[in-house]
Structures are given as C-alpha cells and as structure tokens.
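*Asks:* below: sequence and its predicted model.
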Amino acid sequence: MQKSKTLKMLLAVSAVAAMFNTVGVQAQTPTSAAQNVAAGQAGSSAKLSAGDEKAVKDMAQANINEIAAAKLALSKAQSSDVKAFAQQMVEDHGAALTKVQAVAQQKGVTLPTEPDASHKAIAAKLEKQSGNAFDKMYMENAGTKDHKMVLAKLKSDAMQIKDADVKALADAHTPVVEQHLKSAQQMSMSAGK
C-alpha cells in the first residue's frame, strides 16, 4: 500500500513537472516564431549541422522507442504501478515527440517513424513475457536502462548543439528524462524490498 502511494505521488510530481516544463516551452515558442519571422525565416530554414540533425533524430528515436514499449506495457503489465508508469511514458514522450517533430519540420529533418532494431528485439522478448516477469523486464529496459542511455546522450549532445531551437529542445527534454529515470529507479528499489 505504501509503495503504491509513493509511486502515485512520484507520478503526480512527474506529471506536474512535465506540465510546467511544457508550459515553459509553449510560452517560448511564439517568441521563437516571432524572432524567426523578424529574421526573415533565415534561421529557421538554415540547414542544421550534421551533429544537430543527429541530435534531433536521436531525440525522436528515443521518444518513439519509449512510446512503443509503454503501449506494450499498457496491454501486458500486471502491476497497476507499472501500468501507471507506462501511461505517463506514453503521455510525456508523446508530447515530447510532437515538439521534436515540429522542430524537425521547421529545419527540414526527416525523422524515424518506428522503433529501432534493438528496441524491436527487446519488444519481441517482452511479448513472450507475462505477469511479474514482464513487469520486471519492462522496468529494467524501458524504465531504467533506456532512460539512463537517453539522459547520457542528451547531456553529451547538448554540449555540442549549435542551433538554438535544437538546444532548447534538448534542454527541455533533460529534466523530464531525469524524472522518469528517478521514478523507474524508485519503483525498482521498492519492488526489490
């Protein structure tokens, strides 16, 4: 009972943090759009560097991978806590993907549309699991490992990104991914007790 209350509180805090983060990004968007119009669209249509384009594609891929795994968890997870986590992943990563797609369209970047090969392989393994085994495998992979990997990539990419819009996107993603990782780790710790 205590684990459930703790998880619900963590998810509520995560949702509020994501909501405030979204409001901040949305509040900035009209300003950025106005600045681009004022600059004659020169900045928005400029070709991204290879590194910036890769960062946008990486952000899109990470969101697509998380959404696919979370949708699978919504249908297969046994634990209500795991299902609540998966629902949060669908919502947060869906909103993040929409933002990435908007920047990609503005910058002329073609994004991936499905999970990458390694995540398809994990999904195939997850499909064969059920009950607690599924919940554990999902939380280990999509919950902890993926968020650690994405966070490391976001932080390293953020230091090298040159385009202001792409940098803002990476900066907006980072605290949400950090919160997801923290929630997943806390769920794993409480499940291990």
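*Replies:* On my side now, so go ahead.
*Asks:* got the buried residues for stretch 80-92?
*Replies:* 81, 82, 83, 84, 85, 86, 87, 88, 89, 90, 92 (16 or more other C-beta atoms under 10 Å). Glycine gets a C-beta too; all of them are placed from N, C-alpha and C.
*Asks:* looks like the last one contacts residue 178 (just checking).
*Replies:* No: here residue 92 lies out of contact with residue 178, judged by C-beta atoms under 8 Å, at a distance of 11.9 Å.
*Asks:* now do the helices in this protein.
*Replies:* Using DSSP state H, the helices found in the chain span residues 2-38, 42-45, 50-76, 80-107, 117-127, 131-138, 146-160, 164-191.
*Asks:* lowest average pLDDT across these?
*Replies:* With a mean of 43, helix 2-38 has the lowest mean pLDDT of the helices of the chain.
*Asks:* shouldn't residue 104 be in contact with residue 60?
*Replies:* Yes: using C-beta under 8 Å, residue 104 makes contact with residue 60 at a distance of 6.7 Å.
*Asks:* residue contacts, residue 104?
*Replies:* By C-beta atoms under 8 Å, 6 or more residues apart in numbering, the residues touching residue 104 are 56, 57, 60, 110, 111.
*Asks:* rewinding a little: tell me which of the buried residues of stretch 80-92 is nearest to residue 128?
*Replies:* Nearest to residue 128 among the buried residues of stretch 80-92 is residue 82, at 17.0 Å by C-beta to C-beta.
*Asks:* any figure for the gap between the closest one and residue 53?
*Replies:* Per C-beta to C-beta, to the nearest Å, residue 82 is found 35 Å from residue 53.
*Asks:* then residue 59?
*Replies:* Distance, residue 59 to residue 53, using C-beta to C-beta: 11 Å.
*Asks:* likewise residue 90?
*Replies:* As defined by C-beta to C-beta, residue 90 lies at a distance of 26 Å from residue 53.
*Asks:* same question, residue 102
*Replies:* Per C-beta to C-beta, residue 102 is found 15 Å from residue 53.
*Asks:* which of those two has more neighbours?
*Replies:* A direct count of neighbours by other C-beta atoms under 10 Å for residue 102 and residue 53 places residue 53 higher, at 18 against 13.
*Asks:* ok, that one - contacts?
*Replies:* With contact set as C-beta under 8 Å, 6+ apart, residue 53 has these partners: 107, 109.
*Asks:* go with 10 Å
*Replies:* When contacts are counted by C-beta atoms under 10 Å, 6 or more residues apart in numbering, residue 53 touches 47, 104, 107, 108, 109, 110, 163, 166.
*Asks:* select only the buried ones of the residues you listed in PyMOL?
*Replies:* The command below creates a PyMOL selection of those among those that count as buried (16+ other C-beta under 10 Å):
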select buried, resi 104+107+109+163+166
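*Asks:* nearest residue to residue 119 other than its sequence neighbours?
*Replies:* Closest residue in space to residue 119, ignoring its immediate chain neighbours: residue 65 at 4.3 Å, by C-beta to C-beta, 6 or more residues apart in numbering.
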